[in-house]
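Enquirer: quick one, what's the 3D model for this:
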Amino acid sequence: MQKIKVSSLKPGTQIGKDIFTYDSQLLLPRGSVITEEHLENFAVRDINEVYIIETNVRQKTERSFEMVYSGALDVVNSFMMDAKLGNNIDVNEVNETTDLLLEQVFDVTDLFRQMRLMKNKGDYLFTHSVNVSLLCILIGRWMKCDENTIKELGMAGLLHDIGKVFIDDEILNKPGKLTAQEFEEIKKHTLLGYNLILQDPSISHDIANAALMHHERADGSGYPAGINGTSNFYASVVAVADLYDAITSSHSYSTKRSPYSAAEILWQESFGKLDATISRVFYDKITNFYVGNQVLLSNDQQGTVIFVDPTQPTRPIVMVGDKFYNLATDRSISILDIID
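Expert: The predicted model follows:
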């Protein structure tokens, strides 16, 4: 599925999503084949963009996603190196990159799959920034935010860890547990990033606050200030996206865990640490897309998720050959990873 301008549509193209009028009446259902009459109707109704079904969708989408993702990595690398050298953030680059990422967040199931495929495309700090941006955009849409807020959430995701360029690489990339003194140094990245972003008055203060507060927690256990509550919406969204991507990624101080493990941790953290509404919306939405996943179980068998109980979505029924494992009742088995 691809979103395109109506001006580029040709008769014979198949519609990928239902098209509605401005008063929410169904104009054209998914799967309809475009005719000249439809094109004229779109012009009259001022419909400028539609989703279409492509032939060989997956190959084309992956190529497009990889190109955009790689370009975003280059931009993150560029503005972080500029910051390290004492230069200002290139806001135009951040804006343009966020716009490109916004266009990629239209197919949720495929988005998570393609993000998994990009995990080893570059330095963790850079891939993490791009992934958090994509997830923030997704959360913004799930929370029904307006388009400007969604874009700023995407920018907040790209910039949230920019302060880490000022942390000593030996600490930042240290394998294993940090000492108390090293952890205090890591904590400084939030204030350092905040101060850098504030230097450009064209960047929203909410984006700067997301860099400052994305490690704060509702119970006061976070940093840098140990603030109680989750009053800053941007920071709360980034906190959820940041935690999910950190859990599902491999980096110097942690091995990656499955999206199922990440979902369980998000659920636990929604009780008193993360913003409950945001984390539970994210949890509920991502678990809706588990059916059909090919997974690796802790008993070394591979199978397919065939049923998800909404009351226990991270403990689905998995089919392995002609055998069924109900993970909700058999707690000895867990899902280690999703197989692409």
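Enquirer: secondary structure element for the closest residue in space to residue 213 that isn't next to it in sequence?
Expert: Leaving aside its sequence neighbours, residue 213 sits nearest to residue 235 (CB to CB, 6 or more residues apart in numbering; 3.7 Å). For the C-beta atoms, the positions are set from N, CA and C on the backbone; glycine is no exception. Using DSSP states H and E, residue 235 falls within helix 233-247.
Enquirer: any buried residues in the helix or strand where residue 263 lies, and which?
Expert: For residue 263, the element it lies in under DSSP H and E is helix 259-269. Buried residues in helix 259-269, counted by 16 or more other CB atoms under 10 Å: 259, 260, 261, 262, 263, 264, 265, 266, 267, 269.
Enquirer: would you map the helices across this protein?
Expert: Here the chain has its helices, by DSSP state H, at 36-44, 57-84, 91-104, 108-117, 124-142, 147-159, 169-172, 180-198, 205-213, 233-247, 259-269, 276-287.
Enquirer: of all these, which one comes closest to residue 297?
Expert: helix 259-269 (10.7 Å; CB to CB).
Enquirer: what is the rounded mean pLDDT of the closest one?
Expert: Averaging pLDDT along helix 259-269 gives 90.
Enquirer: over to stretch 8-18?
Expert: 78.
Enquirer: repeat for stretch 165-185
Expert: 91.
Enquirer: what's the first-to-last distance across that stretch?
Expert: Distance across stretch 165-185, first residue to last, is 12 Å (CA to CA, to the nearest Å).
Enquirer: tell me the contacts of the spatially most central residue of the chain?
Expert: A centroid search over the chain (CA atoms, centre = their mean) returns residue 135, at 1.7 Å, as the residue closest to the centre. Shown in contact with residue 135 (CB atoms under 8 Å, 6 or more residues apart in numbering): 157, 240, 241, 244, 245.
Enquirer: for it, give me the pLDDT.
Expert: 96.
Enquirer: ok, residue 226 - contacts?
Expert: 216, 220.
Enquirer: how near is it to residue 215?
Expert: Distance of residue 226 to residue 215, given as CB to CB, to the nearest Å: 10 Å.
Enquirer: next: residue 197.
Expert: 16 Å.
Enquirer: of the two, which one has the most company?
Expert: residue 197 (26 against 20; other CB atoms under 10 Å).
Enquirer: touching, residue 263 and residue 312? I think so.
Expert: No: Residue 263 is not in contact with residue 312 according to CB atoms under 8 Å; the separation is 11.0 Å.
Enquirer: least confident secondary structure element in this protein?
Expert: Least confident helix or strand of the chain, by mean pLDDT, DSSP states H and E, is strand 2-5 with a mean of 72.
Enquirer: partner strands of that one, parallel or antiparallel?
Expert: strand 49-53 (antiparallel) (DSSP bridges).
Enquirer: and the direction of the partner strand versus that of helix 36-44, what angle?
Expert: Angle of strand 49-53 versus helix 36-44, following axes from the mean of the first three to the mean of the last three CA atoms, to 10 degrees, is 150 degrees.
Enquirer: can you list the buried residues in strand 49-53?
Expert: 50, 51, 52.
Enquirer: can I get it as CSV, trimmed to CA atoms?
Expert: Written as CSV, here are the backbone C-alpha positions of strand 49-53 (Å, rounded to 0.1, in the frame of the first residue of the first chain):
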residue,chain,number,x,y,z
GLU,A,49,-4.2,12.1,-1.7
VAL,A,50,-5.3,8.4,-1.5
TYR,A,51,-3.8,5.0,-0.6
ILE,A,52,-3.4,2.5,-3.4
ILE,A,53,-2.6,-1.2,-3.6
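Enquirer: give me the contact list for that strand.
Expert: So strand 49-53 is in contact with 1-6, 9, 13-17, 19, 31, 42, 106, going by CB under 8 Å, 6+ apart.
Enquirer: what is the nearest of the residues you listed to residue 177?
Expert: For the contacts of strand 49-53, the nearest to residue 177 is residue 106 (40.1 Å; CB to CB).
Enquirer: give me the neighbour count for residue 274.
Expert: Residues near residue 274, counting by other CB under 10 Å: 26.
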